[in-house]
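What shape does this take:
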Amino acid sequence: MPVINRIADFHQEMTAWRHDLHEHPELGFQETRTAALVAQRLREFGADAVVTGIAGTGVVGMIRGAVDGQRAIGLRADMDALPIAEETGLPYASRNPGVMHACGHDGHTTMLLGAAKYLAETRNFAGTAYLIFQPAEENLAGGEAMLKAGLFERFPMDQVFGLHNWPVAPEGVFLWRNGPVMAAVANLEVTLHGRGAHGAQPHRSVDPIIIAGHILTALQTIVGRNVDPTESGVVTIGHIAGGQTYNVIPETVHMKGTARWFSPHVGDQLEDRFQRLVTGIAESFSARAEVSFARSYPATVNDAEATVLARQAAESVVGEARVQHMEAPTMGGEDFSFMLNAKQGSYLMLGGARSESEVSVHHPRYDFNDAILPLGASYWATLVEQRLAKP
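Predicted coordinates:
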């Protein structure tokens, strides 16, 4: 079965929804307009219940099938944008300076709304579909916040499923993987306290910029010389700030970065070596280091049984040849991991590359591919109809 005809009929309508969301992006836990639009659409579609305000701006819609049933599944989409200045030049580019939908959450929200419209019209299933519109996926753990707000207690479901667009994969190809699919994440921070001096008198200083350089180089040995080569780990410094002018050695330097891993013991290794290297190098230069290794998201791990169900639904939409095994997990992080730690489920990728030069997510020129909107919506709808098939 290809794209569901009824969903194809309102592809243009879905595209308009997506462009509107793209034009009005909102950061995590600030998705007030987005959440209001989602709730409005769900009510217009005839959802049996629409609950707002979960973890602040989260929304859950409930749609019952034509046949009563005890079974229920959850479908999750994220709603938040990123603090990135958009450079697409599109007619529907962000109107919110410094904020854009650079990860495709506008498309994720739209695809789930498209499925909701279809499911509310047809109700060709037995049981209950819960449509979860989650805030604050980007670094703020909105998924965990929804769990703490009682998501699974208030909306009891047997399984939960997620879907992410993947612009480095061919358009319309679904990618699946058992086990780890995305990495655990920690945010790293270092503040180096040295002694400032005139740039012409460096012997009077304890130069935190020089120390930061030694630390930056040493951190690259953590994975290469501590982690088993058959396992994966990443340590990246993405921000260094210190000093204000040409000829002044500053008192302090601040560094920020990220660590990623799959195996828990690798995460422990990264944390131990990070703290030891930073503090040890600082002390060797007579400086002091404040160090933070703040674990934010666990690894996203797919359940094998649930992934079979997800694959079957995807194959029904695009055919077996276009549902492909994801050979290796990505080191990106995802707070859907909290939901998968609490409930059986699976997380697939949906390719959106229009060409080999397609920019990826978190890029100022990224734009979600509207051609895959009916594919994602059909996948969601098919998953519900297959998993909650009428007797």
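
who's in contact with the most centrally placed residue in the chain?
In the chain, the residue lying closest to the centroid (CA atoms, centre = their mean) is E334, at 4.1 Å. If a contact means CB atoms under 8 Å, 6 or more residues apart in numbering, then E334 has E137, G162, H164, M182, Y297, T300, Y347 as its contacts. Every C-beta, even on glycine, is put in place using the N, C-alpha and C of the backbone.

Same question for P364.
I84, A85, E86, E87, T88, M100, A102.

Can you get me a residue count around the nearest residue to it once chain neighbours are set aside?
In space, and not counting its chain neighbours, P364 is closest to E87: 4.0 Å by CB to CB, 6 or more residues apart in numbering. When neighbours are counted by other CB atoms under 10 Å, E87 registers 14.

looking at it, E87 is touching V359, isn't it?
No - the criterion here is CB atoms under 8 Å, and E87 misses it with V359 at 10.0 Å.

Strands of the stretch 201-350 of the chain, start to end?
Secondary structure of the stretch 201-350 of the chain by DSSP state E, counting those that start in this stretch: the strands cover 233-241, 248-249, 252-261, 288-297, 300-302, 323-325, 330-333, 345-353.

Which residues does the shortest one contact?
Strand 248-249 is contacted by residues G194, G196, A197, H198, G199, P202, S205, D207, I209, G243 when judged by CB under 8 Å, 6+ apart.

can you do 10 Å?
194-202, 204-210, 242-243 (CB atoms under 10 Å, 6 or more residues apart in numbering).

Pull out the buried members of these.
Among the contacts of strand 248-249, the ones that count as buried by 16 or more other CB atoms under 10 Å are G194, G196, A197, S205, V206, D207, P208, I209, I210, G242, G243.

from those, which is closest to F133?
G242 (41.0 Å; CB to CB).

In contact with the nearest residue to the closest one once chain neighbours are set aside, which residues are there?
With sequence-adjacent residues excluded and distances taken as CB to CB, 6+ apart, G242 is closest to V253, at 3.3 Å. V253 is in contact with 190-194, 207-213, 215, 240-243, 287, 289, counting by CB under 10 Å, 6+ apart.

Could you do A184 as well?
233, 259-264, 266-267, 270, 295-301, 331, 333, 337.

Report the buried residues of stretch 259-279.
259-263, 266-267, 269-271, 273-275, 277-279.

Select the longest strand from this protein.
Assignment by DSSP state E gives strand 179-193 as the longest strand of the chain.

which helices and strands sit right next to the very next helix or strand once past it?
Per DSSP states H and E, strand 179-193 leads on to strand 197-198 as the next helix or strand towards the C-terminus. On a contact count with 3 or more CB pairs under 10 Å, 6 or more residues apart in numbering; DSSP states H and E, strand 197-198 meets strand 248-249.

average model confidence for the strand it packs on?
The average pLDDT within strand 248-249 is 98.

who does that strand pair up with?
Counting by DSSP bridges, the strands paired with strand 248-249 are strand 197-198 (antiparallel).

which residues are in contact with the strand it pairs with?
Contacts of strand 197-198 (CB under 10 Å, 6+ apart): H203, R204, S205, V206, D207, N247, V248, I249, P250, E251.

V235 touches A259, doesn't it?
Yes - V235 is within contact range of A259, at 5.2 Å (criterion: CB atoms under 10 Å).

Could you name every residue contacting both of the two?
A186, L188, L219, I222, V223, L270, R273, F274.

so which of those residues comes closest to L309?
A186 (31.8 Å).

The closest one touches V266, doesn't it?
No - counting by CB under 10 Å, V266 is not a contact partner of A186; they are 11.3 Å apart.

Please enumerate the shared neighbours of these two.
In contact with both A186 and V266: A259, R260, using CB under 10 Å, 6+ apart.
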